[in-house]
Every structure is written in C-alpha cells, then in structure tokens.
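Participant: Starting from these lines, generate the structure:
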Amino acid sequence: MGQFTRRDAIKALGATAVAAAVPSVGATAAPEYHVVPEKGAELKLLRWKTFVQSDEDQWLANTRRFTEQTGVRVLVENVNVSDITSKAHMAASVGAGPDLLVGALEDPQLYPEQCLDVTEIAMYLGEKYGGWYDACRHYCTLADRWLGLGLAFYPYLVVYRESMVKAAGFSEIPQDLPGFLKLCRALKARGTPAGLPLGNAYDSHAWCYWLIWAYGARLVDEDNRVAINSKETIAALEYAQALYPTFISGTLSWLDPSNNKAFLAGEISLTYNPVSIYYVAKTSSDPAMKAVAADIQHAHPPIGPVGRRMEYSGFAPIVIFKYTKYPNAAREYLRFMFEREQYGAWEQASFGYVCQTLRAYESNPIWTADPKITPFRDGGALSLYAGYAGKVGPASAACSADFIIPNMVAEVVSGQSTAKAAVARAEQRARRYYKA
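Facilitator: Residues are numbered from 1 along each chain as shown. Okay, here's the model as predicted:
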C-alpha cells in the first residue's frame with residue numbers, strides 16, 4: 001500500500017477535519033485526521049466479555065471520554081466469546097444489529113462485503129505507530145482492503161507453578177519437545193499433572209496449532225492447497241498421544257474457563273493460557289491466591305523440529321458494519337480508541353492480557369513493570385495466524401470455526417481414531433471449505 005497522505009484522507013472521507021499532528025512519545029509525526037461524526041449519531045458496539053475485568057472497565061472509561069469529546073453516545077454490550085461469531089454472522093446476514101463489533105480470529109473474512117472499508121484509518125495508524133504486525137495484516141485484509149482493524153492479540157504461554165516444576169526436577173520449562181514431555185511425565189508422577197484443553201475452545205486452538213506448526217505441519221500450504229495429510233502432522237499427533245496421559249482427566253470436554261479454574265484450584269501445575277490466570281491470582285484479596293500468584297511463572301512453548309518459534313495468539317479484530325447509519329461516527333470512534341492516550345491506558349489496565357497490534361506500543365510500561373508479564377509483550381510479533389501458511393479468507397475462517405485441528409488432536413489422544421484416520425478426516429473436512 002502507498003503512503004497515507006493528507007490528500008488521501010480528504011479524498012476518502014469527505015467530511016473529515018484534518019489537523020496538524022502533535023506527535024506523542026513513541027509515535028511518528030504522521031498527519032492526523034479527525035472524522036466529523038454525523039449529527040445526532042449514536043453507536044452500538046458488541047464485544048466479547050473478557051477474562052480480565054480491568055480490560056472492560058478501561059474500555060468503558062475510554063468510551064465515556066469519547067462521548068464527552070464528541071457528544072456521540074456509545075452503548076457497549078458484552079457477550080460470551082463462544083457466542084460472538086454466530087452473533088456477528090447473524091448481524092451481517094440480516095443487515096441489522098451493532099454498528100461495530102469486536103470479533104475473533106478471521107471473523108470478518110466470513111462476511112467481507114458487510115464490512116466498511118477502514119483502509120485509510122489503518123494506514124494512518126500504521127504510519128503513526130510503527131506499523132502493524134504481519135499476523136494482523138493477514139487477519140484483517142482482503143485484496144489490499146482493510147475489513148477491520150486488529151484490536152489486540154491475546155498471547156498464549158506456558159503457565160506453570162514454579163515450585164511444582166522444581167519439585168519435579170526442572171529449573172525451568174524445557175525449550176525442546178522431548179524435554180517438555182519428560183517434565184509433564186514427572187509432574188504427573190508427583191500428582192501435579194498438566195492440563196491442556198481439548199474441547200471446542202479457543203484455548204484448544206492455541207496449543208494444537210502450536211504443536212502441529214512446531215513439527216512443520218500446516219492445514220494448507222502457501223497456495224491454499226490442503227496440506228494437513230503429511231508425515232509432519234502424523235509426528236505431531238504421535239507426540240500428542242504421548243503427552244495426553246500426563247494430563248488431568250476430563251480435558252477432552254474442557255472449554256475456555258476450564259483450565260483457568262483447574263489451575264487456580266491447585267488441580268494442575270501447568271497449562272497453556274493468556275495472562276488471565278495470573279491476573280485473577282494477583283488481584284485477589286485471598287492470601288491463598290496471593291501465594292499462588294507468587295508461584296506462577298510464564299514461558300514460551302518449546303521449539304519443535306521446525307527449528308524456530310511457531311506460536312499462536314488469540315486475536316480480536318474490530319469491524320464497522322456497512323449498514324451503520326453513522327459511518328463517520330464509527331470511524332472516529334475507532335481512531336480515538338487506537339490513539340496512544342486511550343490505547344496505552346487500556347493496554348496498561350489489561351495487565352498484559354491485551355497485547356498490541358501496532359509496534360509502537362511495545363514500549364508500554366506494563367511490559368516491564370512486572371517481569372512475569374514481560375514474555376506476553378512479544379505475542380503479536382511472534383504469532384502466526386490461524387490460516388497459516390495460506391491466505392486468510394472465508395475458508396480459513398470456516399476451518400477455525402469448525403475446530404478442525406483441535407478435533408483431529410482430540411480424536412487421536414482419546415483413542416477414537418488412529419493418527420492416519422484422523423488426519424484423513426481433517427483433510428476431508430478442510431476440503432469442504434478449500435474447494436479449489
């Protein structure tokens with residue numbers, strides 16, 4: 001894409017008042033613009049309810065500030081993350097509902113024609129704040145058009161009890177897969193097992209994608225051809241078969257809150273999760289939870305045969321629906337919420353749960369205030385995307401929504417299917433969406 005200019009903003013947005021930039025620390029002196037909201041505009045935003053209350057609180061505080069400055073009232077509604085994709089698809093289908101929506105992963109790719117083009121805002125913010133991470137571009141663009149903006153990554157790391165890992169004979173999380181398996185076996189032998197979700201949950205996506213990528217497997221190749229049926233996938237599934245017996249029982253039905261609850265209850269010593277477990281323990285007034293927080297550490301997952309980090313982060317795009325009666329007000333709301341004064345405060349309040357999509361926010365003090373949080377800072381930079389290594393689009397979005405990769409792993413570790421049969425089934429399911 002070409003450089004975003006003042007003329008581009010005027011031409012693209014029409015009712016736009018462009019002001020001279022006053023660069024803040026960490027931002028470049030890119031030209032700014034402010035879109036003039038429509039008279040009497042009111043907006044409704046639908047977003048998924050997070051696991052960190054301060055994220056929600058600060059978002060609402062920033063929204064109130066926007067209303068104070070513009071007069072535009074914004075109603076924010078929160079729903080369970082498991083419901084957001086279906087609600088978004090319904091709104092796009094009927095052409096009515098929220099003006100803006102915070103979705104998950106590739107959601108906008110399921111209804112690209114219903115997304116208001118926000119390319120100009122993306123270019124402006126990218127130039128001002130150091131550029132967007134690669135995975136964000138994959139998720140949010142289609143044919144050089146930005147369907148939405150990348151609101152945040154939600155990085156996943158190995159979350160563990162330091163005392164239990166040391167009691168098992170390890171000073172830290174091994175960064176190779178054989179060593180990681182040895183650790184999990186030792187934890188199980190001591191009665192402090194690991195626990196990774198295998199139900200239809202976003203947490204299941206996180207570790208199952210990481211595992212197949214670590215072996216060099218992928219659902220599709222660079223040409224969007226289904227490539228899951230490979231010796232690399234079989235090797236990853238064989239590792240999963242060896243790892244699964246170290247888990248606490250019941251993980252096949254675990255959903256997103258399940259591993260959080262088990263960890264905080266002391267039932268497991270290790271899982272794969274965003275910072276939300278640490279947040280709950282750290283902010284609790286219960287002395288027992290404070291003790292758990294002091295014992296929690298975070299580590300990047302091991303590196304597999306592919307030889308480099310192949311990590312997965314949750315991702316939240318924010319889109320404006322074309323049917324909105326107030327497109328300028330919605331654009332201005334997005335611009336406002338991504339500026340440093342608002343975004344920096346939101347990221348800070350979120351305790352590391354929210355990881356930036358714009359590189360300039362790597363300097364947010366939250367990432368160095370507590371060393372236990374620091375590893376989450378690099379989630380956006382290290383993260384691949386769910387449709388890797390092909391092009392993100394309706395097919396990759398449908399495969400994520402259908403939980404093809406987690407289901408494949410679950411079928412094998414549960415004994416429901418052989419690795420060969422599970423891979424063949426995953427291949428067949430993926431071909432329903434990747435028809436070419």
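Participant: Give me the pLDDT for the nearest residue to Thr141 once chain neighbours are set aside.
Facilitator: Leaving aside its chain neighbours, Thr141 sits nearest to Leu147 (6.8 Å; criterion: Cβ to Cβ, 6 or more residues apart in numbering). C-betas here are computed from N, CA, C, even on glycine. pLDDT recorded at Leu147 is 97.
Participant: One more: the one 5 residues further on?
Facilitator: Here the pLDDT value assigned to Ala152 is 97.
Participant: next one: Ala143
Facilitator: Reported pLDDT at Ala143 in the predicted model: 88.
Participant: what do you get for Gln241?
Facilitator: pLDDT recorded at Gln241 is 98.
Participant: likewise the one 4 residues further on?
Facilitator: At Pro245, the predicted lDDT confidence score is 98.
Participant: Contacts only, for it.
Facilitator: By Cβ atoms under 8 Å, 6 or more residues apart in numbering, Pro245 lies in contact with Lys188.
Participant: Run a quick neighbour tally on Gly148.
Facilitator: If you count neighbours by other Cβ atoms under 10 Å, Gly148 ends up with 28.
Participant: Which secondary structure state is assigned to the nearest residue to it once chain neighbours are set aside?
Facilitator: Spatial nearest neighbour of Gly148, excluding adjacent residues (Cβ to Cβ, 6+ apart): Val319 at 3.6 Å. Under DSSP: H, G, I helix; E, B strand; the rest coil, the three-state class of Val319 is strand.
Participant: what's across from Val319 in the sheet?
Facilitator: Judged by DSSP bridges, the bridge partners of Val319 are Leu101.
Participant: That one contacts Leu147, correct?
Facilitator: Yes - counting by Cβ atoms under 8 Å, Leu147 is a contact partner of Val319 at 6.2 Å.
Participant: Report the central residue of this structure.
Facilitator: The centre of the chain sits closest to Gly314, judged by Cα atoms, centre = their mean, with a distance of 1.8 Å.
Participant: For the closest residue to it other than its chain neighbours, the count of nearby residues, please.
Facilitator: Leaving aside its sequence neighbours, Gly314 sits nearest to Tyr154 (Cβ to Cβ, 6+ apart; 3.4 Å). Neighbours of Tyr154 under the rule other Cβ under 10 Å: 27.
Participant: So what touches the helix or strand encompassing Tyr154?
Facilitator: Here Tyr154, judged by DSSP states H and E, is contained in strand 149-155. With contacts defined as Cβ under 8 Å, 6+ apart, strand 149-155 is touched by 102, 118, 121-122, 125, 132-133, 135-136, 139-140, 274-275, 311, 313-318, 334, 338, 347, 353-357, 375-376, 378-380, 382-383.
Participant: do stretch 337-350 as well
Facilitator: The contact list for stretch 337-350, computed with Cβ under 8 Å, 6+ apart, reads 24-27, 50, 52, 54-55, 57-59, 61-63, 65-66, 121, 125, 129, 149, 152, 336, 354-356, 358, 360-361, 364-366.
Participant: Just the buried residues of the residues you listed.
Facilitator: Buried subset of those (neighbour count, 16 or more other Cβ atoms under 10 Å): 26-27, 50, 52, 54-55, 58-59, 62-63, 66, 121, 125, 129, 149, 152, 336, 354-356, 358, 360-361, 364, 366.
Participant: Contact partners for Arg309?
Facilitator: So Arg309 contacts 300, 303, 382 (Cβ under 8 Å, 6+ apart).
Participant: actually Val292, not the one I wrote
Facilitator: Taking Cβ under 8 Å, 6+ apart as the criterion, Val292 is in contact with 161, 264, 266, 281.
Participant: Next one: the first one relative to Ser285, how far apart?
Facilitator: Applying Cβ to Cβ, to the nearest Å, one obtains 21 Å for the distance of Arg161 from Ser285.
Participant: same check, this time on the second one
Facilitator: Per Cβ to Cβ, Leu264 is found 14 Å from Ser285.
Participant: likewise the third one?
Facilitator: Between Gly266 and Ser285 the computed distance is 18 Å (Cβ to Cβ).
Participant: and the nearest residue to Arg218 once chain neighbours are set aside, how many residues sit next to it?
Facilitator: With Cβ to Cβ, 6+ apart as the criterion, Arg218 has its nearest non-adjacent residue at 5.0 Å, and that residue is Ala389. Neighbour count for Ala389, taken as other Cβ under 10 Å: 15.
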